[in-house]
Each structure stands twice: as structure tokens, then as C-alpha cells.
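Undergrad: The sequence and its predicted three-dimensional model are supplied below.
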Amino acid sequence: MLPYQLTVLGPPELRGPDGDPIRLRTRKHLALLIYLAVEPNRAHRRDRLACTFWPGVELEEARHSLATALSVLRSELSRDAFDSGRDTVRLLGGHLLTDLPSLLSEDPDGIDVPRLRPFLEDFELNDAPDFQLWKDAQHVRLLPLLQRGLGRRIEESRRRGDAGQLEVLGERLAKLDPLNEEGVRALLEARALAGDRIGALRLFDRWRAMLAEELGAEPPLELQRLAERLRRGRWEGGAPSALVAPVPTEQWKERVFIGRGVEFGRCYALWETARTATPRHLLIRGESGIGKTTLVERFATTVALEGASVARVQCYQLERELPFGVIGSLVTRLLDLPGASTTPPPQLAELARLIPKVRQRYPTLPAPLPTEGESARIMFTEAVMALVAALAQEHPVVLVVDDIHLADATSLAVLHLILRRIEDLPLMVILTSSSALEAETPNARRFVDNARSINLTKLALGPLHEGEATALLEAEVTPAEALGPAVQRAIVGGAHGNPMVLELLIEDWRRHGDGCFALTLGSMAVSQNRPPREAFRRLVEETLAALDPESRSVVELAAMLGKRLNDLSMYTMVDLSVTRTMRAMTTLTTQRLFRDAGNHLEFASELVRSQCYMAMAGPLRRMLHGLVADRLLAEDGAEEPIPGLEIAWHLVRADRLAEAIPYLLAGGRESIRRGAPHEADLALSTGLPALTGDARRAAILLLAEARQELGRWEDSLRVLDLAEEPFSESEASEREVMRIVARRWLGQLT
């Protein structure tokens, strides 16, 4: 016969062999059973038991009450469950099992998390003080084991990025011991990951006051620094703190993290290696909207709470043509982290050559050494390495580059060299990339193919399972919205495990109800496509059509601004004030076209941005590009020079080719001088077919020079023969020199 089950961790409960709960007549009967079960195979004197549970009556009456209780227990369990004599009684083994043995074993990991609760939680016998003393003694005996078990579960939850479980376990540990450091740390992390930075700080302040009042102690330095990182929040402007880096948390207020525990665990395992001064790096690949950025941002927040200095940059389509665009943005972020000021001044001066904000931050830097071409790029790379090394002396460093397939070739080359040469530093670099092969440039593909040489681990992010997708849907929909089972199945099926498509389908259902896209016949065919480009196209079109005019104007202009998306002054070009622009951006975030990245907004994905761009009518696109170009021309030469290729890009798309030519040539020449021939090659080869006369000949010579810098000697020779009209004397001489150099490299001349 199966034994009865008695729960003593948490509120006590007795269950029969069939699992059904058994309710005893009085609490004292249950308390007596617990007392006998926790100390089995031991003969308990009847007089002692009577005095323990019925202390306020005469002994004879107490013994009678004890006999009645034992009779009730025999009727519920079985007569042979107790060995009872005139003076003693004991519970025999095999009839009743408690949940204590798994906790008392050397490895308590086998016990379920719900059972890791205080002994006889909320169970009191106010008229039996001896029983209360026994209960308290058992609680003290079991407390270290409960704390150890909860501590292990907290660490497991931290490794999975499970903030909900972290909150539950932290509260349970805090209830066991309100002054426990591990419990309060878990609660701080959980509330930070839920976007409640203020709530986390209030909790810490209350705990610190309690610690001072009861023990006269201060919180450990680790927890003080965690709280300080939270207090800094979104750091903007001024000099960075000498001790801690900020931890942006507000972006998690409206976002949930579901179904990526395994992948988060792999990230965390690499982090544990990297922070011991053994660099490890990660490339996360997946289709658009699959959750790469959410996973990385969640992980970045977690490691920032643990003391890492984190810098994240987003790559944009426009930056493919701008040399040092991505690495320049990354350096700008790194300047705000603790330890940046300890970088040697000559190295900071080298960074300032390409990134004006460095000299704005440190105006007394010396002049950089004169360098050009490949030497300039190598010097810049060494300067970035020196900056990273200075930061790593203060805290472990985590660098995040989102959508690496959109990065410019020079930034990829600099980043690859940094990863290959940096050793013995607590550094982790996380890259995300589209899994669509057509989205990768040859340079990005070569970067990925050399993963072994740079300690780069690849992680493929697949779709959510049906249960995870359903959980995400339930988290996004409020109970008041009453999403029916049929609609729920349609949305989950139509999303096909893609979180962003799921969110867009939910917003579409909110707008159209039973006429939503998920319930149409067209969605059945779309749901089979992976990546879901057709679903994205239709859903983004539906979302754009439902926007108010101001929000539509903002998203259309933002689609062509790249990293200038957050420059609110740009939107005055379409007659929007800062207040109206911010209101429109809030709407776009609610509609899932934008996402909150902590200290800035960005498009939810590159696929969403490109769809917003293509949804514009051609004349409107040209007009907006012209407006952006005029604004950049007006600002060029101010505090921060505007890259010539960026101005040329907007002018060309505004059909103002004649105005674009000087900026195209100047940008190409500057790119070659700075050691970025890839971008010069891309820009010049794209613009060359539209050029004529002097501009065409100048572009031919620059393009040939860029390809020689790249070692593409045969291509450079073919370019030099493109001119239909004769070169001037100086141009002809330059072309001939370049031909000779190319032929010698090809072995055609001796």
C-alpha cells in the first residue's frame, strides 16, 4: 500500500495514498502527527506529549485528549501505523512520508522549488508554547539547508535570465531571513529586470536601514555598487563615474522575456569564462524579429548588474557606406564608461582624429601623429585596443554590436583585429546577425568564417515553441481584452514562433477584431514562410495605414535617418515640434515599430525599417532625402563634421546628382586617406555610372586607387581603361603610374 504524504515545509498538509487532501478534526491533531513524523522511530512518553500539546489542563484530562487524538490519527492512517503502549507512543516507518528527507540529504537539489519554504509556515498553536519552541528549533536547524537550496535555485534562475522566478525565490529567502544578502540581491536584480529601478532602490534603502538598526552593519561593497549602478540609471552627459557604469532598466517595463532560458544560459557560461580574463565572444544569428536583440539586451542588463561595463551599438543600412561608422559609435559609447580617462593621451589623440567627440571630452589632448592609408587604420585600431584595455582594468567589458551584417567593412576589419589580438583581458563581444545569407556582405561573411581564430562561438536562435509563444501572447494581452481561443490559436499559428510577428498580429487584432489578419485566409499561406517577410510586409503596411499623420511623418523620416533617428531637431523639417515628435515616437513604440533600447529608440528590426522606407511614395522619399541633405549641409563644419559620403548618399537619392558629386569625391578621397578603401570602393563604384566629364575621370582614379589599396590589381587596371574622353596631362601621368604599379604586382612587368 502506498504511504501517506505529509508536507511540513510551508503550510502543513496531509494527503492520502491517492493524493487527495485529508482534513483532521483540529489543528492539534495535525500538530501531533507532525511532531511524531519529524522524529520517527523514537518512543515519546505520553505524559510529555500531553503536557506539550495540552498544557493548560490537568494531566489526566490532557492524557485523555492525547488518546482521543491518537484514535483519530489511527482512523485516518491505519491501526498499525502507531506502536502505542501505556506510557509511550511512536510512529512506525513506512506509513507516512514527509518532505524533509530530500532537504536533509547532502544534495538538496532534488526537492521542488515550491517546497523550499519555512518549516510549518504560518502554522501556530498559541496555547502550546512547548510545541512553538520545538517548531522554532526545527526552523533554526533547517534554515541553513533552505537557504542553500534557495541560493542554488536563485543562481539557476540568474543563469536563465528568469526574472519572475528570481523574484519569487528572493522573496522566499527574504521571508526566511530578512537580512540575507543573497535574497535582497535577487530581489534587486529581479526588479531591475522588470524595469522597476525606483522600486529596487527603495527596497535596498529599507534593507540597509534594517541592517544598520538590527546589526549595526553596512551592506557589503558588492551590493552597494549594484545599488549605485541602478541609481545612475540612464547616464547622459558629464564625466563618467570613477567607480561604476550605469544600468539602463526602464526599457523592460513594457517588455517580457519568455522562452530563451537555454540560449541565455549559453551566453552566461561564456560570460563566466570571459570575466576571468579569458576573452570569449558570441555571434547570435536568426531571422528578423526572432528575438536576438531582446536576448542580448536582457543579458547585457544582467551582466551590468554584476559589475560589467557594457557598450552597445546598432548597425544601420546607411552605415555600410560610411567608413568607421560602427566602430566610431562604439568608441563614443566607451568614452562614457569608468576607466576611459586612464587611456594614454597619445591613443586618445589618435581616436580624436576620426571621432571629434573624443577631443570635445578631452580638449587638452596632443596632436596625433601624421598617418595615412593602412597605417592610419592600424594606429586607430591600436588606440581602440588601448581604450578597451583601460576600461577592462576597472571592470569586465561587454561590447554588443547589433546587426553586424550591416556594418561597414572598415569597422569589421578593426573589430576583427581587436578580437584576434586582445588577450588576458575580461572582455566579451556579442554580435547579432541575420540568418538570411543574402543579407550578408562578403566582408561580414569572411568575419564569421574566421570564428575559430577570434574565439567566436556561434549560436542559432530558432523560433519559439508553441507553449512559449502562447505564454508570450498571454503576457502581452490583458485579461480585459478577452482574446478568444480561436483567435489565440490563429495568432500563435500565424506568428510561427516569431515574437515580433506575434506582437504585430496582436496589435492588428486590437485594431480590426475578428477581421484581423491572423484570421484571414491569406495568413494561412504566409505562416509557412520563414523568414516571414510577406507577413512583415502586410502587417507593417496595416500598422502604417492606422497611424495618425504625425506618427506617419515621424516613422517615414526616421526610416532614412539611420543613427540620427533620435535627433529630435531633425523632425522640425516636417513641421513637428519636439513635443509632438516625442508623442509620435511613443505611439510608434506602442505599435511595435520602434523599441526602447534603454537610452535611445530604434526600429524594432531592420526589416521593419526597410518596409517603412519602401512604403513611401517615390516623390515623397526624394523630397525627404532632399530635406535631410539640406539640414546636413547646413550643419556641416559645426561642432561635428558630417561625413561627405553621408551627404552624397542623401543628395543622390534626392536626384540632386550634380550637388552630390563633390561630396562623393571628397568622401571617397577621405576614406582612402583614413584607411577605409572598402567604403570608397562601394561609394565610387555605385556612383560612377552616373558621372561624366571631369568628375568621372576623378572618380575613376580614386576608384582605381581604392582597389589597389585592397589588393585588387586586375580590377584597378580595368577601371583605369573606363574613361572615354582623354585625361589631362597630370591625370594621364597619375593613371600611368597606377598601371605600372598594378602590372608589377601582377608580374606583368619586371
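TA: Yep, it's here.
Undergrad: Which helix or strand in the protein has the lowest average pLDDT?
TA: helix 521-526 (a mean of 50; mean pLDDT, DSSP states H and E).
Undergrad: Which helix or strand lies directly C-terminal to that one?
TA: Going down the chain from helix 521-526, the next helix or strand is helix 533-546, by DSSP states H and E.
Undergrad: C-alpha coordinates for that next one, CSV please?
TA: C-alpha atoms of helix 533-546 as CSV (Å, rounded to 0.1, in the frame of the first residue of the first chain):
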residue,chain,number,x,y,z
ARG,A,533,8.9,38.6,-45.0
GLU,A,534,5.4,38.6,-46.5
ALA,A,535,3.9,38.7,-43.1
PHE,A,536,6.1,41.6,-42.1
ARG,A,537,5.2,43.5,-45.2
ARG,A,538,1.4,43.1,-44.8
LEU,A,539,1.5,43.7,-41.0
VAL,A,540,3.7,46.8,-41.3
GLU,A,541,1.5,48.2,-44.1
GLU,A,542,-1.6,47.7,-41.9
THR,A,543,0.2,49.4,-39.0
LEU,A,544,1.3,52.3,-41.1
ALA,A,545,-2.2,52.8,-42.5
ALA,A,546,-3.6,53.0,-39.0
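Undergrad: and that helix, how far out from the chain's middle?
TA: 26 Å (CA atoms, centre = their mean, to the nearest Å).
Undergrad: Can you list phi and psi of the closest residue to residue 684 other than its chain neighbours for me?
TA: Spatial nearest neighbour of residue 684, chain neighbours left out: residue 703 (4.2 Å); criterion: CB to CB, 6 or more residues apart in numbering. Just so you know, the C-beta spots here come from the backbone N, C-alpha and C atoms, and that holds for glycine as well. Per-residue torsions, residue 703: phi -70, psi -40 (degrees, to the nearest 10).
Undergrad: what's the neighbour count on residue 703?
TA: 25 (other CB atoms under 10 Å).
Undergrad: Same check on residue 205?
TA: Counted with other CB under 10 Å, residues neighbouring residue 205 total 11.
Undergrad: ditto for residue 417
TA: Residue 417 has 17 neighbours, counted by other CB under 10 Å.
Undergrad: And it, which helix or strand is it part of?
TA: Using DSSP H and E, residue 417 falls within helix 409-421.
Undergrad: and that helix, which residues are buried?
TA: For helix 409-421, burial by neighbour count (16 or more other CB atoms under 10 Å) applies to 409, 410, 411, 412, 413, 414, 415, 416, 417, 418, 419.
Undergrad: Format those residues as CSV; extra columns: distance to residue 512 and pLDDT.
TA: Output for the buried residues of helix 409-421, formatted as CSV (distance: CB to CB, whole Å; pLDDT from 0 to 100):
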residue, distance to residue 512, pLDDT
409, 44, 86
410, 46, 87
411, 43, 89
412, 43, 89
413, 48, 88
414, 48, 89
415, 44, 91
416, 47, 90
417, 52, 89
418, 49, 90
419, 48, 90
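Undergrad: Relative to residue 73, which of those is nearest.
TA: Using CB to CB, residue 419 comes nearest to residue 73 of the buried residues of helix 409-421, at 69.0 Å.
Undergrad: For that closest one, which non-adjacent residue is spatially closest?
TA: Leaving out its chain neighbours, the residue that sits closest to residue 419 by CB to CB, 6+ apart is residue 454, at 3.9 Å.
Undergrad: Surely that neighbour is in contact with residue 282?
TA: No - the criterion here is CB atoms under 8 Å, and residue 454 misses it with residue 282 at 11.2 Å.
Undergrad: who has more neighbours, these two?
TA: Taking neighbours as other CB under 10 Å, residue 454 and residue 282 compare with residue 282 leading, 23 against 19.
Undergrad: Is that one in a helix, a strand, or coil?
TA: Secondary structure, DSSP: H, G, I helix; E, B strand; the rest coil: residue 282 is strand.
Undergrad: what sits against it?
TA: 266, 267, 270, 428, 429, 430, 431, 456, 457, 458, 459 (CB atoms under 8 Å, 6 or more residues apart in numbering).
Undergrad: helices and strands around the strand or helix carrying residue 670, which ones?
TA: With elements taken from DSSP H and E, the one containing residue 670 is helix 657-673. Counting contacts by 3 or more CB pairs under 8 Å, 6 or more residues apart in numbering; DSSP states H and E, helix 657-673 packs against helix 373-392, helix 644-653, helix 677-687, helix 693-709.
Undergrad: With only the CA atoms kept, save the shortest one in CSV.
TA: Coordinates of the C-alpha atoms in helix 644-653 are reproduced here as CSV (Å, rounded to 0.1, in the frame of the first residue of the first chain):
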residue,chain,number,x,y,z
GLY,A,644,30.9,63.5,-47.1
LEU,A,645,29.6,60.1,-48.2
GLU,A,646,26.5,60.6,-45.9
ILE,A,647,25.7,63.9,-47.6
ALA,A,648,26.3,62.4,-51.0
TRP,A,649,24.0,59.4,-50.2
HIS,A,650,21.1,61.7,-49.4
LEU,A,651,21.7,64.0,-52.4
VAL,A,652,21.9,61.1,-54.8
ARG,A,653,18.6,59.7,-53.5
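Undergrad: name the helices or strands packed onto that helix?
TA: Helix 644-653 sits against helix 618-635, helix 657-673, helix 677-687, with contacts defined as 3+ CB pairs under 8 Å, 6+ apart.
Undergrad: Of the ones you listed, which is nearest residue 721?
TA: Of all the helices and strands packed on helix 644-653, helix 677-687 sits nearest to residue 721, with 14.9 Å by CB to CB.
Undergrad: quick one: the strands in the protein?
TA: With DSSP state E as the criterion, the chain has strands at 4-7, 13-15, 21-22, 44-45, 82-84, 88-91, 96-98, 280-286, 309-314, 397-402, 427-434, 456-460, 594-596, 601-603.
Undergrad: Which one, of those strands, ends up nearest to residue 694?
TA: Nearest of the strands of the chain (CB to CB): strand 309-314, 38.2 Å.
Undergrad: how far out from the middle of the chain is that closest one?
TA: Strand 309-314 sits 10 Å away from the centroid of its parent chain (CA atoms, centre = their mean).
Undergrad: For the remainder of this discussion, apply numbering that starts at 56.
TA: Done: numbering now begins at 56, and the last item shifts to strand 364-369.
Undergrad: quick one: average pLDDT of it?
TA: Averaging pLDDT along strand 364-369 yields 91.
Undergrad: Packing partners of it?
TA: helix 347-360, helix 380-389, strand 452-457.
Undergrad: at 6 Å what do you get?
TA: On a contact count with 3 or more CB pairs under 6 Å, 6 or more residues apart in numbering; DSSP states H and E, strand 364-369 meets helix 380-389, strand 452-457.
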